[in-house]
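Q: task: produce atomic coordinates for the following.
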Amino acid sequence: MIAAYLARQNAALTRWRGRSWPFSWLFAPSMNAVEFALRNTIASLVALGIAFWMELGEPQWAAMTVWITAQGSRGESLSKGRWRLVGTVLGMVGAVALVSAFPQAPWLFIPALGLWAGLCTGLATLFQNFRAYAFVLAAYTCAIIATGALNAPDHVFEIAMARGTYIFLGVVCEMVAGLVFSASLAVKARRTMKAWLNEAIGAASHLIGDVLDGAAPPEAAIRAVFSRTLKLNEQLEFTVVEVGRSDHAIACAYATIGILSKIVSRGLGMQARLSTASAISPAILTNLHEAASFIRSLPMRLEDKTMRAALRAELTQLRARFDSTYRLADESSETRLRPEGSQRCSAKDRIILHGIGLILEEYATLLLYLEADPREALAPARFRLRRVVHLHAAFHNAIRSAIAICLAGLIWEVTAWPQGASFISFIAVVVGRFATTDNTVLVSNRFFYGACLAALASIIPVFFVIPTGTGFEALIVALAPLMFIGGLAARNPATATAAGAYNTFLPALIGLDNHARMDELTWFNATIALVLGLGAGVLVFRCILPFNIHQLCVLLRRRALHGLMRICAPRRRIPAENRWIGLITQGMERVIRYAGARLTPFMELNLHGLLSVMTLGRNLLFLRMMARRPALPSELAELIAGFFTGLGPHLLRSAAREEAGFSQRIERSIAILRDRLDTVGDEARPVYCEVLGSLMVVDHEWRNNQTWLDDRSFRHALQQARLEGV
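A: Here you go, the predicted model:
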């Protein structure tokens with residue numbers, strides 16, 4: 001009975017520990033969250049104390065800057081701090097220029113401020129990470145300084161320099177605190193980078209192993225691997241800050257991520273090759289299982305540095321064995337006996353063997369760049385994923401920001417509200433901060449809720465704690481617990497956005513000053529301006545060019561198809577493969593980031609279409625590169641050239657309306673290649689099989705993605721999604 005009782009207690013304890021508690025981030029935080037909250041609480045209070053000691057006019061900005069700059073890793077914090085300084089200087093220059101150009105002329109000043117905000121937020125959309133943040137900061141820093149200096153335009157330079165002093169002080173304090181809490185930064189960064197790469201390689205290798213074993217992995221797993229590689233590609237920017245931009249290992253890590261994306265794409269092509277084969281010979285099945293077993297075991301063996309050389313040697317032997325099998329299939333192709341009227345097994349076997357060889361070749365390149373030996377001749381820039389700018393989103397953000405600032409200025413001018421300058425500043429903060437996000441409505445809502453919580457939390461120090469004391473010690477007692485809680489919330493993904501607003505605006509709502517404290521009326525006016533300004537910013541995203549997932553999917557499809565037509569245009573330069581993969585993976589990431597766990601059928605259709613068109617485009621790129629080989633047989637070169645001739649502008653036309661439709665070209669080319677395989681010699685047969693395999697993959701992806709590729713079917717799916725409200 002005692003054993004049964006203990007078993008029940010253990011089961012209950014396990015269920016209790018595994019349960020997702022709503023405030024577990026507060027009552028049972030991780031050590032990382034505690035370290036983050038403690039570090040930044042101390043840094044913000046130190047910055048605040050220095051600002052008081054220097055008798056600066058608005059010392060709360062020093063504490064606010066610490067929390068704005070603080071990030072999860074030291075690389076992120078250092079990068080954000082550096083670009084925050086750049087953005088602050090740009091905002092200071094813009095504010096001084098605008099106030100100097102339009103003194104006592106609000107009907108010129110407000111539109112000029114709107115144009116400045118639109119320009120900055122539009123440029124922010126064209127960049128990534130904290131380079132985009134620098135332009136965002138330039139937008140709302142200019143608004144804050146300029147609106148604050150309207151009553152005293154002759155002192156705009158002093159006001160701008162004061163604001164810059166606060167921000168420089170906050171950035172320096174956060175950096176110093178981070179250096180104190182972080183030891184052996186470069187060593188930890190390298191170790192973390194290796195762990196990230198090994199995890200990504202493990203996920204991709206498990207997926208490729210499933211493909212080779214004939215178990216088609218779910219598309220969600222494929223998208224997750226691409227999403228991970230894209231996030232890792234962006235995260236490496238912060239590792240660069242910690243390790244050093246000139247580090248050879250960082251450049252090779254970027255190349256490793258790009259090669260990993262190519263491997264997953266190769267897996268999709270291999271899946272298409274296997275699906276087109278009606279029957280696979282036992283010898284080829286053995287080769288598939290052998291390759292799958294090796295690839296699955298690869299991630300675990302990468303953790304041991306001493307085994308990497310042996311792993312590369314084993315991969316070389318495996319590739320040599322597959323090459324010999326490939327040549328043996330060519331030599332024995334004439335002696336194969338097949339039933340009359342059936343396709344020769346040797347051609348299908350060679351197509352599958354060629355696909356396996358391509359995957360193993362990519363893995364050999366992956367191991368080469370993962371090792372990052374400076375003694376080897378490497379070209380990392382060739383494989384690095386390239387980001388594609390979104391001009392459409394940049395234009396929308398610029399127009400939205402300019403209209404929002406002009407409307408806020410109109411309200412201020414008409415109502416003569418004393419807090420109108422703060423109202424404009426808060427709207428500029430919202431439209432600037434969330435200009436680079438996709439689901440702006442959801443994110444800005446959470447940011448607004450966080451600001452409301454900061455207003456409620458500020459009641460305790462303003463009304464109860466600070467009036468009881470007159471020294472800095474009382475201020476520490478009032479602020480430290482509230483800041484620490486905000487730091488814990490910032491490390492919890494579910495509350496991170498709201499915590500960002502909470503930590504940013506809490507010092508501002510307390511009204512810190514050397515010679516006075518905030519009274520009840522001042523607190524009420526400042527809080528009302530904050531809540532109304534942020535609430536108006538949320539409404540801006542809902543009413544002015546609101547984000548629409550359907551419009552995003554249409555835009556991504558249009559961009560992908562335009563890129564596909566560029567690939568097929570024989571007179572145009574062949575696009576870079578890493579740029580094509582980057583274009584598609586960024587599109588998928590934007591849809592996944594917006595949807596989260598809630599993927600509607602229309603989103604699933606678009607994600608499937610993007611995955612399929614990426615494989616389609618890579619094989620078309622391979623064919624165009626193949627046509628440029630100098631040793632290519634002339635009749636094969638003519639066949640490929642004829643396939644692409646006149647194809648670019650007519651790629652998506654219906655076969656019923658276009659005589660030289662895409663499907664007819666594929667079928668005709670595949671039929672010609674199959675007929676010629678009987679007559680070509682052993683030396684040319686492998687090249688013919690390579691071209692035939694790529695065309696079969698193109699045919700498979702084209703036929704199985706017609707709902708997304710065909711304009712009429714896609715418009716019908718779009719209309720259905722809009723009618724259903726999803």
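
Q: how about R571, phi and psi?
A: With angles defined as degrees, to the nearest 10, R571 sits at phi -90, psi -10.

Q: kindly report the same for A379.
A: Torsion angles, degrees, to the nearest 10, at A379: phi -130, psi 80.

Q: any idea how far S663 is from it?
A: 38 Å (C-beta to C-beta, to the nearest Å). (Each C-beta comes from the backbone N, C-alpha and C, glycine too.)

Q: buried residues, stretch 385-392. List them.
A: Within stretch 385-392, the residues that count as buried by 16 or more other C-beta atoms under 10 Å are 385-388, 390.

Q: follow-up on the earlier one: just want to know which of A379 and S663 has more residues nearby.
A: S663 (13 against 10; other C-beta atoms under 10 Å).

Q: so where does that one fall, helix or strand?
A: helix 662-676 (DSSP states H and E).

Q: same question for that helix, mean pLDDT?
A: Helix 662-676 comes out with an average pLDDT of 83.

Q: off-centre distance for that helix?
A: 39 Å (C-alpha atoms, centre = their mean, to the nearest Å).

Q: for it, packing partners?
A: helix 634-644, helix 685-703 (3 or more C-beta pairs under 8 Å, 6 or more residues apart in numbering; DSSP states H and E).

Q: phi, psi of M518?
A: phi -70, psi 130.

Q: hang on, it packs against P507?
A: No: using C-beta atoms under 8 Å, M518 is not in contact with P507; the gap is 11.4 Å.

Q: who has more neighbours, those two?
A: P507 (27 against 20).

Q: list the contacts of the helix or strand hosting that one.
A: For P507, the element it lies in under DSSP H and E is helix 496-510. Helix 496-510 has contacts (C-beta atoms under 8 Å, 6 or more residues apart in numbering) with 44, 48, 60-61, 63-64, 67-68, 70, 443, 446-451, 453-455, 457-458, 461-462, 466, 478-479, 482-483, 486-487, 489-490, 492, 518, 523, 526-527, 530, 534.

Q: before we move on, what about stretch 513-527?
A: 52, 55, 58-59, 418-419, 422, 455, 458, 462-463, 466-467, 508-511.

Q: now with 10 Å?
A: 51-60, 417-419, 422, 451-452, 454-456, 458-459, 461-463, 466-467, 470, 475, 505, 508-512 (C-beta atoms under 10 Å, 6 or more residues apart in numbering).

Q: of these, buried ones?
A: 51-52, 56, 58-60, 417, 419, 422, 451-452, 454-455, 458, 461-462, 466, 475, 505, 508-512.

Q: quick one: residues contacting the spatially most central residue of the chain.
A: Note on the chain: the residue nearest the mean C-alpha position is K231, at 4.9 Å, using C-alpha atoms, centre = their mean. Taking C-beta under 10 Å, 6+ apart, we find K231 in contact with 196, 200, 257, 589, 593.

Q: whichever of these end up buried, select them in PyMOL.
A: Of the contacts of K231, the buried ones go into a single PyMOL selection, burial set by 16+ other C-beta under 10 Å:
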select buried, resi 196+200+257+589
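
Q: mind exporting the helix holding P507 as CSV, just the C-alpha atoms?
A: The C-alpha atoms that make up helix 496-510 are tabulated as CSV, following Å, rounded to 0.1, in the frame of the first residue of the first chain:
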residue,chain,number,x,y,z
ALA,A,496,7.8,39.6,-23.7
THR,A,497,6.0,42.2,-25.9
ALA,A,498,3.9,43.5,-23.0
ALA,A,499,6.9,43.5,-20.8
GLY,A,500,8.8,45.6,-23.3
ALA,A,501,6.2,48.4,-23.0
TYR,A,502,6.0,47.9,-19.2
ASN,A,503,9.8,48.3,-18.7
THR,A,504,10.0,51.2,-21.1
PHE,A,505,7.3,53.4,-19.8
LEU,A,506,7.4,52.6,-16.0
PRO,A,507,10.2,55.1,-15.3
ALA,A,508,8.5,57.8,-17.4
LEU,A,509,5.2,57.5,-15.6
ILE,A,510,6.8,57.9,-12.2
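
Q: what average pLDDT does that helix get?
A: Computed over helix 496-510, the average pLDDT equals 86.

Q: residues near P218, how many?
A: Neighbour tally, P218, other C-beta under 10 Å: 10.

Q: for it, what are phi and psi?
A: phi -70, psi 150.

Q: verify the stated contact: it with V211.
A: No: counting by C-beta atoms under 10 Å, P218 stays clear of V211, with 11.7 Å between them.

Q: how long is stretch 301-312 from one end to the other?
A: 11 Å (C-alpha to C-alpha, to the nearest Å).

Q: now stretch 121-138
A: 9 Å.

Q: helix or strand right after the worst-scoring helix or strand of the chain on mean pLDDT?
A: In the chain, the helix or strand scored least confidently by mean pLDDT, DSSP states H and E is helix 2-18, which has a mean of 48. Downstream of helix 2-18, the next assigned helix or strand under DSSP H and E is helix 24-27.

Q: list the buried residues in that following helix.
A: Buried residues in helix 24-27 (16+ other C-beta under 10 Å): W25.

Q: then it to PDB, C-alphas only?
A: In PDB, the C-alpha atoms belonging to helix 24-27 read as follows (Å, rounded to 0.1, in the frame of the first residue of the first chain):
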ATOM      1  CA  SER A  24       5.300  30.100 -13.600                       C
ATOM      2  CA  TRP A  25       7.600  32.700 -15.100                       C
ATOM      3  CA  LEU A  26       7.200  34.800 -11.900                       C
ATOM      4  CA  PHE A  27       7.100  32.100  -9.200                       C
END
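
Q: got a list of what S425 touches?
A: Counting by C-beta under 10 Å, 6+ apart, S425 has contacts 140-148, 408, 419, 529-530, 533.

Q: ok, of those, which one's closest to C553?
A: Y140 (30.6 Å; C-beta to C-beta).

Q: helix, strand or coil: sort out that closest one for me.
A: Classification of Y140 by DSSP: H, G, I helix; E, B strand; the rest coil places it in helix.

Q: my read: it touches F434, true?
A: No: under the contact definition of C-beta under 10 Å, Y140 does not touch F434, with a separation of 11.2 Å.

Q: just for the stretch 451-600 of the chain, where's the confidence low?
A: For the stretch 451-600 of the chain, applying pLDDT under 70 flags the ranges 469-470, 595-597.

Q: returning to what we had before: and the angle for the helix holding S663 with helix 685-703?
A: Angle, helix 662-676 to helix 685-703, by axes from the mean of the first three to the mean of the last three C-alpha atoms, to 10 degrees: 160 degrees.
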